[in-house]
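Dropping the sequence and predicted coords here.
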Amino acid sequence: MRKSVEPAPRHLKRGAGASRALMRRWVAACVALGLATLGGIGVAEARPPARPSVSRAGPGIIVDVGPLLAQGLGGYAEALRAELAGALRAQFAGSLQPGERLVVLVRSISLAAYSGDVNVFELPDTDYLDGAVTLIGPNGQVMAKKDILATSLSSSGGAWYLPGGEQRRAVVLAQNFAAWARRYIQT
């Protein structure tokens, strides 16, 4: 006995077309969401800073982040400058003599790609803040100068997936840098 194959009823054929249309809408929605997400992400711009690269952090403390600004780190460099200035003020509170200036040049900052694990050498990943501290006397003479490479574990900023991790890591580096500056520069 032979069964004949009949074409599918018309209302069943519409279901396949409807699912294709639904799939197209879903893909279009995903693309739109992706574009909206990309539109919300800030893009780093390498343009001259609105403010000078050197600022006074307080009486006698000057922090220069010019090299970071030249690398296009704009707002991040300014945030690091503010954090480092605060840490230096705390470390050198009341110890600078009248007319003395503490000048800090931040040359570079390096944040390791941290994912909560150790690197290929089974060592923890490390962040670095490179700079120089100079104590200038009242007559302009250099009284002390020291290059400092401050380090901290990349895990110091907490969980890598939480927002603001890089800022927290920069805070730890700034505090570490200021502590070493205080240790090396006796006033």
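On my side now, so go ahead.

check contacts around the nearest residue to Gly158 once chain neighbours are set aside.
Leaving aside its sequence neighbours, Gly158 sits nearest to Arg168 (CB to CB, 6 or more residues apart in numbering; 6.0 Å). (Glycine included, C-beta is placed from N, CA and C.) Listed by CB atoms under 8 Å, 6 or more residues apart in numbering, the contact partners of Arg168 are Ser156, Gly157, Gly158.

Now name the helix or strand holding Arg168.
Taking DSSP states H and E as the criterion, Arg168 maps to helix 165-184.

how many other residues sit next to Gly74?
In terms of burial, Gly74 registers 18 neighbours under the definition other CB atoms under 10 Å.

do you know how far it is from Ser95?
Noted for Gly74: a distance of 32 Å to Ser95, by CB to CB, to the nearest Å.

Residues contacting stretch 81-92, please?
55, 57-58, 60-61, 63, 65, 102, 104, 106, 170-171, 174-175, 177-179, 181-182, 187.

In CSV, list the C-alpha atoms belonging to that stretch.
What follows is the C-alpha trace of stretch 81-92 in CSV, where atoms were taken according to Å, rounded to 0.1, in the frame of the first residue of the first chain:
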residue,chain,number,x,y,z
ARG,A,81,47.4,63.2,40.1
ALA,A,82,44.7,64.1,42.6
GLU,A,83,45.1,60.8,44.4
LEU,A,84,48.9,61.0,44.5
ALA,A,85,48.7,64.6,45.7
GLY,A,86,46.4,63.6,48.6
ALA,A,87,48.7,60.7,49.5
LEU,A,88,51.8,63.0,49.5
ARG,A,89,50.0,65.6,51.6
ALA,A,90,49.2,62.9,54.2
GLN,A,91,52.8,61.6,54.2
PHE,A,92,54.5,64.9,54.3
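
The helix holding Arg168: which residues count as buried?
165-166, 169-182 (16 or more other CB atoms under 10 Å).
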